[in-house]
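**Q** Sequence and predicted structure, then a few things I'm wondering about:
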2 protein chains.
Amino acid sequence: MELYHLRTFVAVAEEKNLTRAAERLFTSQPAISAHIKALEETLGVTLFDRTPKGMRLTPVGEELLPRARQALTAASAVLQHAKGLQDELIGSVRIGLNTDARFLRLTALQAGLAEHAPRLEVAMLTGSTGTNLPAVRVGKLDAAFVTGEIDDPSMSVCFLCDEPLVIGAPASLREQIASTEVADLARLPWVYTSPDCSHFAAMRALFEAHCCEPTRTLIANQEDALVEMIRAGVGLGIVRAGVFAADDQAYELPVALPSVPLQFVYLRKRENDPLIRAVMHQLCAVWGIAPPSAQAREAS
Amino acid sequence: MELYHLRTFVAVAEEKNLTRAAERLFTSQPAISAHIKALEETLGVTLFDRTPKGMRLTPVGEELLPRARQALTAASAVLQHAKGLQDELIGSVRIGLNTDARFLRLTALQAGLAEHAPRLEVAMLTGSTGTNLPAVRVGKLDAAFVTGEIDDPSMSVCFLCDEPLVIGAPASLREQIASTEVADLARLPWVYTSPDCSHFAAMRALFEAHCCEPTRTLIANQEDALVEMIRAGVGLGIVRAGVFAADDQAYELPVALPSVPLQFVYLRKRENDPLIRAVMHQLCAVWGIAPPSAQAREAS
DNA sequence: TCGGGTCTTCGGAAATTGTGATGGTGCGTG
DNA sequence: CACGCACCATCACAATTTCCGAAGACCCGA
């Protein structure tokens, strides 16, 4: 038994006439006849009395008709519901963070997503550039914020802004910092970041340029831990410019450092995934960037 | 969209694997793949994520799955319900009567039908041989009791018993009835039956045999009307033997009359109709007769 | 790098379904 | 009463769909 049997059943019951039912279903009268015959055979009952005036439901047919209608309704409900879900994003998206929410403009991103995909659950998961990248690769994250150059052909990278770096120093060390010569600074204690963090590369570049190596004190792989270490007086460290503004426990040293790019990454093979596209659309709106599709159009 | 699409959808969702789903549905794996693909296309959504480990429902698929199940359940409910109705008689049967219920053993017939076809509505419609026959012919009745020989090849006739006839006379005429010679009786007033009643034929035969014609007074085409006319003293009449037993307003004359057969008739072309068969089965049980199928077997 | 598992795609075979013509039947009408 | 008409059933054949087995692509774990 298939749905077309039931559709024919209902049509014939309503039209009481094979020919009209056939017209209504855009097919031929023998086809309709065969449907009814087949249905009667599989059900093991007689649905219609054949009269010279047409088809009249038997009591059994009368009793089965509402059930057939119900089945058809249930089937079309699947279709109906699917149409409703057609362009709606549901499920969840996991986005990896690598620094504080305000700088990443997360509230705006969240607001945009909530408006355009109200049933989409958004998970913002704090991490770092070093943990986010592999997480995106293996699918633990759908996308992530990272800093520094990404050289991975399987990743799509979206540049958001340049992130100026500074050397942060604890207020408690202010007296020991006589000069801002790098060689002098290297003799003070430093708080390291983990090697896969872009700050680490910046630090290495700084000291290599001056042929010296800083005193390694402690490794922090989360930015907030790094910031806290510096404020607590553990040592110097490289942080994003501005984090110590209006902070009386730490301050920025006037040393020129290269900036690192803040970027948003996701797996390149998912660039046409509606979920990714929706996130990118909102993200680009928040950051005032042309969306990837527009970029692709420009490139072509 | 057809039911097999939904069946496949559910099977794949449960097995999470095309190959196993194919085995469960006794078909090949490419067929299953095509079903899912077609369903996704008509629904306009992606139901599964294809992974190297198998098929995993997307959130959309997850949401549509229960609806698909519902549709399948509704469809199988049609089948289920039909199976239940398979051998059950429902609707109504209309049986024409031509004389009183006790003589026709209707309570036993009704009891038998009620037991074996509880959902069958039985209508016992009083009439007469003359009205019952055409009613059966045009389908106003499904079957009927009639008396007298039936010569109609389109009818199946089932003999029930011989019905002895007598001449009934009102007590008020007792003194005027000197002899029971037919010629004498013919001079008295008579209550006629309608010409299509078997009693009419009996009456004609009686008087023709004695070369006389009775005085026609009134025509009654319902047996109970006839009986009442006689009891009221309107005239003599031919009735079934026994109706005036223990009646002080009328009595039977000791005149030999031929008996007429009581029969049960229905359209021959409906002899294999389950409704007719059920009625005949019960009727034959009530009257201690071999059912028509048994008769056919004996004849062959 | 290989073997085993997955899903997809492909061409051709098989089954199903649909078509148009034809036949049988009952009904109403001239 | 015969004819035409409307109806459904059936038939042979065509069109479509569905199905199958093989081969391809991909990923994972060994």
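**A** Alright, I've got the coordinates.
**Q** What separation do you get for the closest residue to A:Ala220 other than its chain neighbours and DNA strand D?
**A** What sits nearest to A:Ala220 in space, not counting adjacent residues and going by CB to CB, 6 or more residues apart in numbering or on different chains, is A:Leu226, at 4.1 Å. Heads up, the C-betas are built off the backbone N, CA and C, glycines and all. Per CB to the nearest atom of the strand, to the nearest Å, A:Leu226 is found 33 Å from DNA strand D.
**Q** can you map out the strands along chain A?
**A** A:48-51, A:54-57, A:91-97, A:120-126, A:143-147, A:155-163, A:165-170, A:189-193, A:215-220, A:237-240, A:250-253, A:260-267 (DSSP state E).
**Q** Which of the ones you listed comes out lowest on mean pLDDT?
**A** Looking at the strands of chain A, the lowest mean pLDDT belongs to strand A:215-220 (a mean of 73).
**Q** how about that one: buried residues?
**A** For strand A:215-220, burial by neighbour count (16 or more other CB atoms under 10 Å in any protein chain shown) applies to A:Thr217, A:Ala220.
**Q** Ok, stretch A:60-79 next?
**A** Buried residues in stretch A:60-79, counting neighbours by 16+ other CB under 10 Å, are found at A:60-61, A:63-65, A:67-72, A:74-75, A:77-79.
**Q** quick one: low-confidence parts of the stretch 51-200 of chain A?
**A** Judged against pLDDT under 70, the stretch 51-200 of chain A has no low-scoring part.
**Q** Residue numbers of it in contact with DNA strand D?
**A** By CB under 7 Å from any atom of the strand, the residues of the stretch 51-200 of chain A that approach DNA strand D are A:Pro52, A:Lys53, A:Gly54, A:Met55.
**Q** repeat that with 10 Å
**A** For the stretch 51-200 of chain A, the residues in contact with DNA strand D (CB under 10 Å from any atom of the strand) are A:Thr51, A:Pro52, A:Lys53, A:Gly54, A:Met55, A:Arg56, A:Arg137, A:Val138, A:Gly139, A:Ser154.
**Q** Kindly report the same for the stretch 201-300 of chain A.
**A** The stretch 201-300 of chain A comes close to DNA strand D at residues A:Lys269, as judged by CB under 10 Å from any atom of the strand.
**Q** Find the closest residue to DNA strand D in the stretch 201-300 of chain A.
**A** Going by CB to the nearest atom of the strand, DNA strand D is nearest to A:Lys269 of the stretch 201-300 of chain A, at 7.2 Å.
**Q** in chain A, which residue is closest to the centre?
**A** In chain A, the centroid-proximal residue (CA atoms, centre = their mean) is A:Val93; its distance is 4.0 Å.
**Q** contacting residues around that one?
**A** A:Leu113, A:Leu120, A:Glu121, A:Val122, A:Ala123, A:Asp142, A:Ala143, A:Leu275, A:Val279 (CB atoms under 8 Å, 6 or more residues apart in numbering or on different chains).
**Q** Let's see the ChimeraX selection covering just the buried ones among those residues.
**A** Of the contacts of A:Val93, the buried ones can be selected in ChimeraX as follows, counting by 16+ other CB under 10 Å:
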select /A:113,120,122,142,143,275,279
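**Q** List just the nearest of the contacts of A:Val93 to DNA strand C.
**A** For those, the nearest to DNA strand C is A:Leu275 (18.3 Å; CB to the nearest atom of the strand).
**Q** And A:Leu188, how far from chain B?
**A** Distance, A:Leu188 to chain B, by CB to the nearest CB, to the nearest Å: 52 Å.
**Q** quick one: that residue and A:Ser172 touch, right?
**A** No: contact criterion CB atoms under 8 Å: A:Leu188 and A:Ser172 do not qualify, at 11.6 Å.
**Q** For stretch A:27-42, list every residue counted as buried.
**A** Buried residues in stretch A:27-42, defined by neighbour count with 16+ other CB under 10 Å: A:Ile32, A:Ser33, A:His35, A:Ile36, A:Leu39, A:Glu40.
**Q** could I get it in PDB with only the CA atoms?
**A** Taking C-alpha atoms only, stretch A:27-42 is exported to PDB below (Å, rounded to 0.1, in the frame of the first residue of the first chain):
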ATOM      1  CA  THR A  27      -4.400  10.600 -14.700                       C
ATOM      2  CA  SER A  28      -6.500   8.100 -16.600                       C
ATOM      3  CA  GLN A  29      -9.600   6.200 -15.500                       C
ATOM      4  CA  PRO A  30      -8.000   2.800 -15.900                       C
ATOM      5  CA  ALA A  31      -5.200   3.800 -13.600                       C
ATOM      6  CA  ILE A  32      -7.700   4.900 -11.000                       C
ATOM      7  CA  SER A  33      -9.600   1.700 -11.400                       C
ATOM      8  CA  ALA A  34      -6.400  -0.300 -10.900                       C
ATOM      9  CA  HIS A  35      -5.500   1.700  -7.700                       C
ATOM     10  CA  ILE A  36      -8.800   0.900  -6.100                       C
ATOM     11  CA  LYS A  37      -8.600  -2.700  -7.100                       C
ATOM     12  CA  ALA A  38      -5.100  -3.000  -5.700                       C
ATOM     13  CA  LEU A  39      -6.100  -1.300  -2.500                       C
ATOM     14  CA  GLU A  40      -9.100  -3.500  -2.000                       C
ATOM     15  CA  GLU A  41      -6.900  -6.500  -2.600                       C
ATOM     16  CA  THR A  42      -4.300  -5.500   0.000                       C
END
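**Q** what does it rub up against?
**A** A:1, A:4-6, A:8-9, A:11-12, A:18-19, A:21-22, A:25, A:46-48, A:55, B:79.
**Q** related to what we said a few turns ago, can I get the contacts of A:Val93 in a markdown table including distance to B:Ala241?
**A** Shown next, in a markdown table, are the contacts of A:Val93 (distance: CB to CB, whole Å):
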| residue | distance to B:Ala241 |
| --- | --- |
| A:Leu113 | 97 |
| A:Leu120 | 91 |
| A:Glu121 | 91 |
| A:Val122 | 96 |
| A:Ala123 | 97 |
| A:Asp142 | 98 |
| A:Ala143 | 102 |
| A:Leu275 | 94 |
| A:Val279 | 99 |
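**Q** okay, stretch A:8-20 in PDB with CA atoms only?
**A** Output of stretch A:8-20 as PDB, limited to C-alpha atoms (Å, rounded to 0.1, in the frame of the first residue of the first chain):
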ATOM      1  CA  THR A   8      -7.100   7.700  -5.100                       C
ATOM      2  CA  PHE A   9      -9.400   6.200  -2.500                       C
ATOM      3  CA  VAL A  10     -10.300   9.500  -1.100                       C
ATOM      4  CA  ALA A  11     -10.700  11.100  -4.500                       C
ATOM      5  CA  VAL A  12     -13.000   8.400  -5.700                       C
ATOM      6  CA  ALA A  13     -15.000   8.500  -2.400                       C
ATOM      7  CA  GLU A  14     -15.500  12.200  -2.900                       C
ATOM      8  CA  GLU A  15     -16.200  12.200  -6.600                       C
ATOM      9  CA  LYS A  16     -18.200   8.900  -6.500                       C
ATOM     10  CA  ASN A  17     -17.000   8.500 -10.100                       C
ATOM     11  CA  LEU A  18     -13.800   7.100 -11.500                       C
ATOM     12  CA  THR A  19     -13.600   9.400 -14.500                       C
ATOM     13  CA  ARG A  20     -13.900  12.600 -12.400                       C
END
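**Q** What residues of it count as buried?
**A** Within stretch A:8-20, the residues that qualify as buried are A:Thr8, A:Phe9, A:Val10, A:Ala11, A:Val12, A:Ala13, A:Glu15, A:Asn17, A:Leu18, A:Arg20, counting by 16+ other CB under 10 Å.
**Q** Now, those residues that are in helices?
**A** Cross-referencing those against helices under DSSP state H gives A:Thr8, A:Phe9, A:Val10, A:Ala11, A:Val12, A:Ala13, A:Glu15, A:Leu18, A:Arg20.
**Q** who are the neighbours in contact with A:Ala82?
**A** Going by CB under 8 Å, 6+ apart, A:Ala82 touches B:Leu43, B:Gly44, B:Val45, B:Val60, B:Leu64.
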